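Enquirer: model this:
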Amino acid sequence: MIPATLPTSFSGKLFLSAFSLAMLAGWVTATVNLYMAYAPLDGQQGMSAADVTIHYYGDRSQNRFTTFLHGSMLENLSDPDKDLQVLHDWALAPGLEDFDAAAHREMFETRIFPVLDEDCLLCHEPGGKAEYAPMESYEQVLPMLEPDRGPSTMMLARSSHYHLIGMGTLALLTGLLAFAFLPARPAGILSCLSIFGLLMDVAGWWLTRETGWAAPIVMAGGASFAGGVVLSHLSLLARYWRAVPV
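Expert: Numbers count the residues shown, from 1 in each chain. The predicted structure follows:
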């Protein structure tokens with residue numbers, strides 16, 4: 001039994017179909033964005049649980065500076081053959097047993113800062129697109145040399161807030177349409193897949209950040225959420241244009 005009549009006007013079908021198509025297009029672009037953001041993290045082809053772990057737990061053998069260096073900063077280095085390894089080794093020096101703080105600061109002033117000044121400060125200064133990571137002094141750069149422990153509590157809380165509210169609203173709208181136009185059983189299954197997948201996804205973020213082992217939970221939650229939403233909208237599209245309800 002269908003709890004609501006199907007849209008009969010062409011404009012009604014067109015509007016609801018356009019919404020479903022927009023949601024499906026959003027899923028495609030989100031998938032591409034996730035792949036491009038996560039897949040390169042472990043240096044291997046494709047996206048894996050290791051990529052998710054590095055994103056949330058961090059790569060404890062690296063730090064924020066080396067992440068920038070081998071990511072967005074790399075293409076801005078005017079002479080990577082000359083400077084890349086020097087910058088990399090300098091950034092990891094605080095973790096070595098024979099670390100010399102005075103020599104490290106001196107090298108920053110004489111060798112590192114000239115490279116940053118020429119190639120990086122356009123973005124890493126007030127008003128730049130990376131002003132959240134300033135590099136105008138040794139004191140500003142030094143905190144970036146701490147081992148990479150993933151996103152801070154504040155950053156992850158902010159991301160969780162946005163994700164739960166935004167994706168929760170999407171799951172609610174999709175569920176309302178599913179219960180209105182699809183049979184109750186599949187509507188309930190798909191809606192539960194979506195909302196519980198969302199909760200599993202975000203819970204996995206925090207577990208991975210704290211433990212480093214929960215990346216499969218993140219991937220399973222994301223797949224469940226996406227599967228519920230995508231299958232709901234594909235089913236809705238088929239239902240909208242079906243001439244006679246079944």
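
Enquirer: Dead centre of the chain: give me the residue that sits there.
Expert: Centroid-nearest residue in the chain, with C-alpha atoms, centre = their mean: residue 34, separated by 5.7 Å.

Enquirer: That one - nearest residue in space that isn't next to it in sequence?
Expert: Leaving aside its sequence neighbours, residue 34 sits nearest to residue 47 (C-beta to C-beta, 6 or more residues apart in numbering; 7.4 Å). Every residue, glycine included, has its C-beta placed from N, CA and C.

Enquirer: I'd like the distance from the one you found to residue 125, if you could.
Expert: Distance of residue 47 to residue 125, given as C-beta to C-beta, to the nearest Å: 33 Å.

Enquirer: Kindly report the same for residue 226.
Expert: When residue 226 is compared with residue 125 (using C-beta to C-beta), they lie 39 Å apart.

Enquirer: Settle it for me: which of these two has more neighbours?
Expert: Using other C-beta atoms under 10 Å, the more surrounded residue of residue 226 and residue 125 is residue 226, with 20 against 16.

Enquirer: what about the more buried one, is that helix, strand or coil?
Expert: Three-state call for residue 226 (DSSP: H, G, I helix; E, B strand; the rest coil): helix.

Enquirer: Check residue 126 too.
Expert: For residue 126, the assignment made with three-state DSSP gives coil.

Enquirer: Which positions within the lowest-mean-pLDDT helix or strand in the chain qualify as buried?
Expert: Least confident helix or strand, the chain: helix 64-69 with a mean of 84, by mean pLDDT, DSSP states H and E. Residues 64, 65, 66, 67, 68, 69 are the ones in helix 64-69 that count as buried (16 or more other C-beta atoms under 10 Å).

Enquirer: go on, stretch 34-41?
Expert: Under 16+ other C-beta under 10 Å, the buried positions of stretch 34-41 are 34, 38, 41.
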